[in-house]
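**Q** How does the following fold in three dimensions:
(2 chains)
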Amino acid sequence: MHDDDDSPLRVENLRKAYDGKPAVDGLSFALERGECFGLLGPNGAGKTTTLRCCLGLTAPDAGTITLLGEPVPAHARVARERVGVVPQFDNLDPDFTAAENLLIYGRYFAQPAAAIRARIPALLEFAGLASKAGVGIRTLSGGMKRRLTLARALVNDPELLVLDEPTTGLDPQARRLIWDGLKKLLDQGKTILLTTHFMDEAEYLCDRLVIVDSGRIIAEGSPRALIDAHFPVSPSSLRPANLEDVFLKLTGHELRDG
Amino acid sequence: MSLALPALSRRALAVWGRNFLVWRKLAVPSLLGNLADPMIYLFGLGYGLGGLLPQIGGVPYIAFLAAGTVCASTMNAASFEALYSAFARMHVQRTWEGIMNAPVSLDDVVAGECLWAATKATLSGAAILGVIALLGYVEGPLALWALPAIFLTGLAFAALGLIVTALAPSYDFFMYYFTLFITPMTLLCGVFFPVDQLPAAVQAVGAWLPLSHAVDLIRPLAFGRLPGNIAFHIGTLLATSLAAFWIATALVRRRLLK
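**A** Residues are numbered from 1 along each chain as shown, chains lettered A, B, ... in the order given. Next up, the predicted model:
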């Protein structure tokens, strides 16, 4: 345990291979309290594997992970008491209503039912779902489900939020709503770890980010600093350079889902 | 594959509680559904065949069959819950994945599911026991001791079922388990007729199967008698439960924590 280490998440030299192929190949980064940190990369770059390792859901082959002061995976369960997770794929509980989803999820944190019930209206309000408390999950739109998943991740009032592609599949309006919510959480002092492959999302939300390819970090810094470093002059005379230009320059133009 | 002993915490009860709350929404139809099928068999075979048969072991055939039906229904209820329902939560709905992002370990999830399937099997077995008691096929206060025996039977088949779930690529896979294991067991373990009607070699196989031990415990208790070899039957069911739960946990870890 690093008592002097205030980083909510510190990853050092993380390695994980599947069938001999490295998915994560010596990754190191550390989050600062209160920031939004982006983990960017093409499909198959190792982002989700990294998150799984950080949450203690996969044992790394090598490296050390310290999550909220606890060694992972050894004490992952204790560390997760203070983490909120928005997974890449929807896993809301389809057998329950929106409010019941929050109530049931709070029980996994051993919270007393009365304490959770007291928080549910505020959580639904935050998610813009105040009128949907008693509605079944199956009737919610994609954007509503994502917002409810975000509210569910806040049921334990976490210090660190881990979001794996939180806006994939959403329309621009729904993405904006999620972004506004995340900005509010950052204003409250929460730390966010975000994976995405929307460069506008990373540019808008992230204080710092790393670009990962083939399990390795190939660039890191603030969105502005990365753009300035790689494109002192814009590649287009019609618009300023953006993070997507940097991403494509560094990771190439070939498709990665083969 | 990690054969580490399951590490359990009280959070397993939150997983049990989740399933209980879903069940409670549909408790009455669920119980009636669990009763209908065995009752149809009981009355169909009990009256149809019972008229042709002399008494078996000093009781009318329908009473003999009633006690066997309690055992078979407990087995079936535990198996259905641990196979189809648990598979839906593990694989289709990703409910387990959501739970594991909270401070609940996968071992706790498997334990909660196992306990729940045993609970549901107990509700099912107890409902049938209640009905046949009302019909006068159960005798004496000793019959109440059939309840813990029913729970233990449920536990053994829940744990066995979870092994199959951990290995299943899809729902279709469960057909093998039912046709190759559950159905033969129903015929070889003395549910419908005394096992001494079978050839000695087949009897020897049947005696190894967990349902035999359930039948040998529950039928005498239902008739108000103390079962023979009681410690052996309890011990076998308990050992089956623990060993199967251990294997199921290891297999589920291999499947989900990679």
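
**Q** ok, which stretches of chain B are helices?
**A** Applying DSSP state H to chain B gives helices spanning B:12-25, B:27-50, B:61-80, B:86-87, B:95-101, B:106-134, B:146-167, B:174-177, B:183-188, B:200-208, B:210-222, B:230-256.

**Q** And the residue nearest the centre of the chain?
**A** Went with chain A since none was named. Residue closest to the average C-alpha location in chain A (C-alpha atoms, centre = their mean): A:Leu163, at 2.1 Å.

**Q** try again with chain B
**A** Centre-nearest of chain B using C-alpha atoms, centre = their mean is B:Met75, 2.8 Å out.

**Q** contacting residues around it?
**A** B:121, B:153, B:157, B:182, B:185-186, B:211, B:214 (C-beta atoms under 8 Å, 6 or more residues apart in numbering or on different chains). No exception for glycine: its C-beta is placed from N, CA and C like everyone else's.

**Q** Going by distance to chain A, which of these wins?
**A** For those, the residue nearest chain A by C-beta to the nearest C-beta is B:Ala121; the value is 19.6 Å.

**Q** How many residues are close by that closest one?
**A** Residues lying near B:Ala121 (other C-beta atoms under 10 Å in any protein chain shown) number 30.

**Q** Let me know whether it touches B:Ala159 as I believe.
**A** No. Under the criterion of C-beta atoms under 8 Å, B:Ala121 makes no contact with B:Ala159, lying 11.4 Å away.

**Q** follow-up on the earlier one: now the residue nearest to the centre of chain B: how far from A:Asp213?
**A** 53 Å (C-beta to C-beta, to the nearest Å).

**Q** Confirm A:Val24 sits in a strand?
**A** Yes. Under the criterion used here (DSSP: H, G, I helix; E, B strand; the rest coil), A:Val24 sits inside a strand.

**Q** contacting residues for it?
**A** By C-beta under 8 Å, 6+ apart, the contact list for A:Val24 reads A:14-16, A:46, A:49-50, A:53, A:60, A:215.

**Q** can you tell me which of these are in helices?
**A** Those of these lying in helices (DSSP H): A:49-50, A:53.

**Q** Flag every buried residue along the lowest-mean-pLDDT helix or strand in chain B.
**A** In chain B, no helix or strand scores lower on mean pLDDT, DSSP states H and E than helix B:27-50, which sits at a mean of 89. Buried residues in helix B:27-50, counting neighbours by 16 or more other C-beta atoms under 10 Å in any protein chain shown, are found at B:30-31, B:34-35, B:38-39, B:41-42, B:45-46, B:50.

**Q** which of the residues you listed lies closest to chain A?
**A** Using C-beta to the nearest C-beta, B:Ser30 comes nearest to chain A of the buried residues of helix B:27-50, at 12.6 Å.

**Q** Leaving out the residues flanking it, which one is nearest to that closest one?
**A** Spatial nearest neighbour of B:Ser30, excluding adjacent residues (C-beta to C-beta, 6 or more residues apart in numbering or on different chains): B:Trp23 at 6.2 Å.

**Q** And for B:Gln93?
**A** Leaving out its chain neighbours, B:Gln93 is closest to A:Pro94 (C-beta to C-beta, 6+ apart), at 5.8 Å.

**Q** again with A:Val212
**A** Leaving aside its chain neighbours, A:Val212 sits nearest to A:Gly41 (3.8 Å; criterion: C-beta to C-beta, 6+ apart).

**Q** Any chance of the backbone angles for that neighbour?
**A** phi 170, psi 160 (degrees, to the nearest 10).

**Q** Distance check, it against chain B.
**A** Separation of A:Gly41 from chain B (C-beta to the nearest C-beta, to the nearest Å): 20 Å.

**Q** List the residues that contact that residue.
**A** By C-beta under 8 Å, 6+ apart, the neighbours of A:Gly41 are A:47, A:195, A:197, A:211-213, A:251.

**Q** And the furthest pair within these?
**A** Greatest spatial distance among those (C-beta to C-beta): A:Thr195 and A:Thr251, at 14.4 Å.

**Q** higher neighbour count, the two?
**A** Between A:Thr195 and A:Thr251, A:Thr195 has the larger neighbour count (other C-beta under 10 Å), namely 23 against 20.

**Q** Tell me the most packed of the contacts of A:Val24, by neighbour count.
**A** Going by other C-beta under 10 Å, A:Thr50 tops the contacts of A:Val24 with 28 neighbours.

**Q** What residue, apart from its backbone neighbours, is nearest that residue spatially?
**A** Spatial nearest neighbour of A:Thr50, chain neighbours left out: A:Val24 (5.5 Å); criterion: C-beta to C-beta, 6+ apart.

**Q** A:Ala45 now?
**A** Using C-beta to C-beta, 6+ apart, the nearest residue to A:Ala45 is A:Val212, at 4.6 Å.
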